[in-house]
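**Q** Prediction below, plus the sequence it came from.
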Amino acid sequence: MKSAPTIRPGRTFQLEDFPTESTAGFKDKDAARARLDKDLERLRELQHMLYADGRYALLIVLQAMDTGGKDGTIRHVMSGFNPAGCVVTSFKVPSEEESKHDFLWRIHHAVPPKGVIGVFNRSHYEDVLVVRVHKMVPKSVWKERYRQINDFERTLTESGTTILKFFLHISKAEQARRLKARIEDRSKNWKFSEADLKERKLWSEYQEAYEDALRECSTEWAPWAVIPADVKWARDCMVARAMVEKLESLDLRYPKPQTDLDLIVVK
Ligand code: AMP
Ligand code: MG
């Protein structure tokens, strides 16, 4: 299967040049499903080892335009995990208390401890995306945040937190289809928000903010992957594969027992 492109540190690019539509090299949904099932099984083993090993945490950051598929990815990919070792945090408009702190305060608090997988549904990147697009703080403030984010993520990485950042990349036409589905499909009505239509008018401003965030904050220690996300089943496969590859690269192991088990007899 084809893996999703990763932004090389320092590279300039345009999101337009990255595909939104990809089947990840699968001939159809069934072939992708078979592969996803295998990878989810492997992820469960790896999660177990991550927990037993106890040296690392895994932090998954999910960002996307509205309707981009963050919830769906969590449902299809993260749902296979043992809930005891996986924590999902959704970041909304900061609360009154959160707004009184620096923008990373609430984020740091939600970072998974060693042995645990943490999933961010939106993240500290909102503070250089929605905040920038809506001019909630002056440019002089959000510009510094790229460096602050890189320093923060570096600190986490050096303390044993492996970070995977996925931008779920959809086309504007696909967003229109998904918004229509939210209006037409009764089981999706609850997800429809008129605010999404307002945000849609700012599509190019958001794309530009994303380009800058991905360029400035794709680092050796925490690179961004751009997941083609128009095709939901392919998106899920690419996210799962990237997680398997990352966890396998950690060389996880079960700790040695503290006593010589050959000498122990259970009566
Ligand atoms: P949803 O993910 O659809 O529940 O919406 C959450 C909303 O919270 C989105 O409109 C985000 O842009 C917004 N949001 C998240 N983080 C921030 C932030 N740091 N500042 C302002 N708005 C935010
Ligand atoms: Mg929304």
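**A** All right, it came through fine. Ligands and ions are numbered 1, 2, ... in the order given.

**Q** Every contact and neighbour count from this point should use C-alpha atoms.
**A** Will do.

**Q** how far out from the middle of the chain is stretch 139-159?
**A** Put simply, stretch 139-159 sits 17 Å off its chain's centre (C-alpha atoms, centre = their mean, to the nearest Å).

**Q** for stretch 54-64, same thing?
**A** 8 Å.

**Q** and if you look at stretch 195-213?
**A** The answer for stretch 195-213 is 18 Å, by C-alpha atoms, centre = their mean.

**Q** for stretch 154-161, same thing?
**A** On the basis of C-alpha atoms, centre = their mean, stretch 154-161 is displaced by 17 Å from the centre of the chain it belongs to.

**Q** for the record, mean pLDDT for it?
**A** On average, the pLDDT along stretch 154-161 is 98.

**Q** All further residue positions should be reported with the first residue as 54.
**A** Yep, numbering from 54; the last one is stretch 207-214 now.

**Q** Tell me how far residue 92 lies from ligand 1.
**A** 27 Å (C-alpha to the nearest ligand atom, to the nearest Å).

**Q** Not counting residues beside it along the chain, what's closest to residue 60?
**A** Computed as C-alpha to C-alpha, 6 or more residues apart in numbering, the closest residue to residue 60 that is not its neighbour in sequence is residue 277, at 5.6 Å.

**Q** so the one you found bridges to which residues?
**A** Taking DSSP bridges as the rule, residue 277 bridges to residue 218.

**Q** List the contacts of it.
**A** 59, 60, 217, 218, 219, 220, 267, 270, 271 (C-alpha atoms under 8 Å, 6 or more residues apart in numbering).

**Q** Any chance of these in CSV with neighbour count, distance to residue 85 and pLDDT as columns?
**A** Converted to CSV, the contacts of residue 277 look like this (neighbours: other C-alpha atoms under 10 Å; distance: C-alpha to C-alpha, whole Å; pLDDT from 0 to 100):
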residue, neighbour count, distance to residue 85, pLDDT
59, 16, 21, 96
60, 19, 24, 97
217, 20, 22, 98
218, 22, 22, 98
219, 22, 19, 98
220, 21, 20, 98
267, 28, 28, 98
270, 25, 31, 98
271, 22, 28, 98
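
**Q** can I get these in TSV with distance to ligand 1?
**A** Below are the contacts of residue 277 laid out as TSV (distance: C-alpha to the nearest ligand atom, whole Å):
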residue	distance to ligand 1
59	24
60	23
217	19
218	16
219	15
220	14
267	17
270	17
271	20
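
**Q** Of those, just say which sits nearest to residue 126.
**A** Relative to residue 126, the closest of those is residue 219; by C-alpha to C-alpha it sits at 10.5 Å.

**Q** Is the closest one in contact with residue 121, as I believe?
**A** No - the criterion here is C-alpha atoms under 8 Å, and residue 219 misses it with residue 121 at 11.3 Å.

**Q** What helices and strands are in contact with the helix or strand harbouring residue 299?
**A** Per DSSP states H and E: residue 299 is located in helix 285-302. Counting contacts by 3 or more C-alpha pairs under 8 Å, 6 or more residues apart in numbering; DSSP states H and E, helix 285-302 is packed against helix 82-106, helix 123-130, strand 214-222, strand 277-281.

**Q** Hey, what's the angle from that helix to helix 123-130? Just curious.
**A** If you take axes from the mean of the first three to the mean of the last three C-alpha atoms, to 10 degrees, helix 285-302 sits at 60 degrees to helix 123-130.

**Q** Just the buried positions in helix 285-302, please.
**A** Using 16 or more other C-alpha atoms under 10 Å as the test for burial, helix 285-302 gives 285-297, 300.

**Q** Which parts of the stretch 54-203 of the chain are helices?
**A** 82-106, 123-130, 149-152, 158-163, 183-186, 192-211 (DSSP state H, counting those that start in this stretch).
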